[in-house]
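*Asks:* just need the structure, nothing else, for what follows:
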Amino acid sequence: MSGRHALPSRWEHLYREIAKFGLVGLSGFVLNLAVFNFIRSFAQWPTVRASVLATAVAIMGNYLGLRYFAYRNRGQDDRTGQRKELGLFLFFSAIGLVIENGVLFTTTYGFGWDSTLANNVCKFLGIGIATLFRFWSYRTWVFRTAGHQPERTAAVARGGAPAFPTPSVAPPEPVLNVSWETP
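*Replies:* Down below sits the predicted model:
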């Protein structure tokens with residue numbers, strides 16, 4: 001890819017990551033709202049309790065989607081790494097759950113907005129805010145980028161030094177366009 005319309009690979013990778021995260025998130029969003037409205041309508045649970053359960057169901061679905069679709073190439077090789085990944089995922093998901101349902105709790109019990117429409121709009125808003133946090137935390141802490149460097153990971157796993165790719169082009173020398181003489 002060349003030319004002025006070509007995206008640098010770093011940005012292209014980020015766009016693909018956001019798209020995959022978005023697909024998983026969209027399915028989690030639909031699952032979250034469907035479970036929430038089902039519980040509110042048929043089980044007659046209080047708003048926030050129904051929302052917490054719906055969020056927990058969506059979190060489990062999202063973990064499967066993120067682990068086996070969006071971040072499948074960032075897998076953990078050993079059980080300890082897998083447990084750590086799941087623990088971090090659940091920790092950051094719990095924070096997202098508090099953010100999402102904190103918005104709903106505040107609007108429902110603080111402002112008294114407790115209609116079906118208000119609940120769904122506020123839940124949508126809470127999910128949006130929590131999604132920004134989740135995207136940042138999952139990609140930074142849970143599904144780390146070490147899996148994107150297979151030669152480095154493989155070398156370290158064999159007990160050797162990490163293999164870093166050698167650059168094909170030397171970086172340019174800095175140029176100073178400053179005159180040291182006074183005018």
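*Asks:* pLDDT score for G102?
*Replies:* In this model, G102 is scored at 97, pLDDT.
*Asks:* what about it, which helix or strand?
*Replies:* helix 79-105 (DSSP states H and E).
*Asks:* then R10?
*Replies:* With DSSP H and E as criterion, R10 is part of helix 9-38.
*Asks:* got the buried residues for the next helix or strand after that helix?
*Replies:* On the C-terminal side of helix 9-38, the closest following helix or strand by DSSP H and E is helix 47-65. Going by neighbour count (16 or more other Cβ atoms under 10 Å), the buried part of helix 47-65 is 47-48, 50-55, 57-59, 61-63, 65. All C-beta atoms are positioned from the backbone trio N, CA, C, and that covers glycine.
*Asks:* what's the most distant pair in those residues?
*Replies:* T47 and G65 (26.2 Å; Cβ to Cβ).
*Asks:* contacting residues for V52?
*Replies:* Under the criterion of Cβ atoms under 8 Å, 6 or more residues apart in numbering, the contact list for V52 reads L97, N101.
*Asks:* how far away is it from L90?
*Replies:* Look at V52 and L90: by Cβ to Cβ, to the nearest Å, they are 14 Å apart.
*Asks:* okay, now the unreliable bits of the chain?
*Replies:* 1-8, 75-76, 145-183 (pLDDT under 70).
*Asks:* look up how far N73 lies from K20.
*Replies:* The value you get for K20 to N73, if Cβ to Cβ is used, is 11 Å.
*Asks:* which of these two has more neighbours?
*Replies:* When neighbours are counted by other Cβ atoms under 10 Å, K20 and N73 differ, and K20 comes out ahead with 16 against 10.
*Asks:* so what's the residue count around the closest residue to the more buried one other than its chain neighbours?
*Replies:* Spatial nearest neighbour of K20, chain neighbours left out: A70 (3.8 Å); criterion: Cβ to Cβ, 6 or more residues apart in numbering. Number of residues near A70 (other Cβ under 10 Å) recorded here: 23.
*Asks:* before we move on, which element is the residue most central in space within the chain in?
*Replies:* Nearest to the mean C-alpha position of the chain, by Cα atoms, centre = their mean, lies F135 at 2.5 Å. Following DSSP H and E, one finds F135 within helix 116-137.
*Asks:* can you list the buried residues in that helix?
*Replies:* Of all the residues in helix 116-137, those buried under the rule 16+ other Cβ under 10 Å are A118, N119, C122, K123, G126, I127, A130, T131, R134, F135, S137.
*Asks:* farthest-separated two in these?
*Replies:* Across the buried residues of helix 116-137, no pair lies farther apart than A118 and S137, at 28.3 Å, counting by Cβ to Cβ.
*Asks:* burial count for L23?
*Replies:* L23 has 13 nearby residues by other Cβ under 10 Å.
*Asks:* roughly how far does it sit from E85?
*Replies:* For L23, the distance to E85 - Cβ to Cβ - is 20 Å.
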